[in-house]
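A.B. asks: Sequence unavailable; structure follows:
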Ligand SMILES: NC(=O)c1ccc[n+]([C@@H]2O[C@H](COP(=O)([O-])OP(=O)(O)OC[C@H]3O[C@@H](n4cnc5c(N)ncnc54)[C@H](OP(=O)(O)O)[C@@H]3O)[C@@H](O)[C@H]2O)c1
């Protein structure tokens, strides 16, 4: 049975990926939905006319990776699409605020994404796709979101390296790099109302981001950045000195 695995499928961009997948990838028969809150996953599963398996897992925890590995071993899914979307981001300087916020960004955005990819990859056939949700924050370090932007720089670099490794197997990896989206993310991270940059930046629509990302992945693109404004930002971050860029990129 052709399957897709989506992390963070219960809210925001992840729920939008789930909602749009059946139209764009009609061959996928079964969805594995991962997040912590089981009830919200069950609610999200109602959005699509497909079989869904619900996995209530905290992807910061090692035991969750073991549980996912055991399910894969038992059910041996044929995973045609893996979407690593779960992520969190907290505003605040290092050394201030809660340590747990800093470590959670590392544990979820880096460790969780790496562990899920490593675990699911052996079940992905030739022609399958991986989407890793990164951010415009991966293009240049953002003061006051230093750990978050470093974590997303990892996600983008990881995706490029992975795509190269998987060329021989005929599997593609796409890094998706949206700007701000009006989801729970910016509330939970204490960003909304506390960052002048977030107040003035153009927002991305999760509906359009999910659609563009699913199409880009289908085409085997290595990176997808929505909106002309952020495409230009990505180019500038490549050609201008990082120290200069960081002055414009403060959160
Ligand atoms: N919103 C933005 O401004 C923005 C901009 C650029 C990139 N991004 C990236 O886009 C992705 C999706 O963000 P979003 O805006 O859609 O966020 P969101 O609305 O807060 O949704 C996050 C999803 O991840 C799940 N999640 C959170 N902690 C988890 C954990 N420990 N283990 C497993 N799942 C967990 C959440 O479900 P549970 O809480 O039930 O676990 C939820 O389904 C993230 O990678 C984020 O970094 C967001």
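C.D. replies: Looks like it came in fine. Every value quoted in this text rests on a predicted model; they were computed, and no experiment measured them. Numbers count the residues shown, from 1 in each chain.

A.B. asks: can you map out the strands along the stretch 101-250 of the chain?
C.D. replies: 129-133, 172-176, 223-224 (DSSP state E, counting those that start in this stretch).

A.B. asks: now the ones you listed in CSV, with mean pLDDT, distance to residue 232 and mean neighbour count?
C.D. replies: Where you see a C-beta, it was placed from the backbone N, CA and C, and this is true even at glycine. Below are those laid out as CSV (pLDDT from 0 to 100; distance: least, CB to CB, whole Å; neighbours: other CB atoms under 10 Å):
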stretch, mean pLDDT, distance to residue 232, mean neighbour count
strand 129-133, 99, 21, 25
strand 172-176, 99, 17, 26
strand 223-224, 98, 14, 20
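
A.B. asks: For the ligand, find the nearest of those strands.
C.D. replies: strand 129-133 (4.2 Å; CB to the nearest ligand atom).

A.B. asks: Need the strands of the stretch 101-250 of the chain in TSV (columns: distance to residue 245).
C.D. replies: Listed next are these as TSV, based on distance: least, CB to CB, whole Å:
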stretch	distance to residue 245
strand 129-133	22
strand 172-176	19
strand 223-224	18
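
A.B. asks: Residue 187: which of those strands is closest?
C.D. replies: Among the strands of the stretch 101-250 of the chain, the nearest to residue 187 by CB to CB is strand 129-133 (18.0 Å).

A.B. asks: chain center to that closest one: distance?
C.D. replies: In terms of CA atoms, centre = their mean, to the nearest Å, the centre of strand 129-133 is set 7 Å apart from its chain centre.

A.B. asks: Can you check which helix is longest in the chain?
C.D. replies: Secondary structure of the chain read by DSSP state H shows that its longest helix is helix 146-166.

A.B. asks: Contact partners for the closest residue to the ligand within the stretch 51-200 of the chain?
C.D. replies: Nearest residue of the stretch 51-200 of the chain to the ligand: residue 87, at 2.2 Å (CB to the nearest ligand atom). Going by CB atoms under 8 Å, 6 or more residues apart in numbering, residue 87 touches 8, 108, 109, 113, 133, 135, 185.

A.B. asks: Farthest pair within those?
C.D. replies: Largest pairwise distance in those, by CB to CB, is 15.4 Å, between 113 and 185.

A.B. asks: out of those two, which sits in the busier spot?
C.D. replies: residue 113 (24 against 19; other CB atoms under 10 Å).

A.B. asks: quick one, what contacts that one?
C.D. replies: 7, 59, 84, 86, 87, 132, 155, 158.

A.B. asks: Next one: the residue lying closest to the second one once chain neighbours are set aside, what pLDDT does it get?
C.D. replies: Nearest residue to residue 59 in three dimensions, chain neighbours excluded: residue 112, at 3.3 Å (CB to CB, 6 or more residues apart in numbering). Looking at residue 112, its pLDDT is 99.

A.B. asks: Isn't residue 112 up against residue 35?
C.D. replies: No: contact criterion CB atoms under 8 Å: residue 112 and residue 35 do not qualify, at 11.2 Å.

A.B. asks: what touches both of the two?
C.D. replies: With CB under 8 Å, 6+ apart as the test, residue 112 and residue 35 both reach 7, 86.
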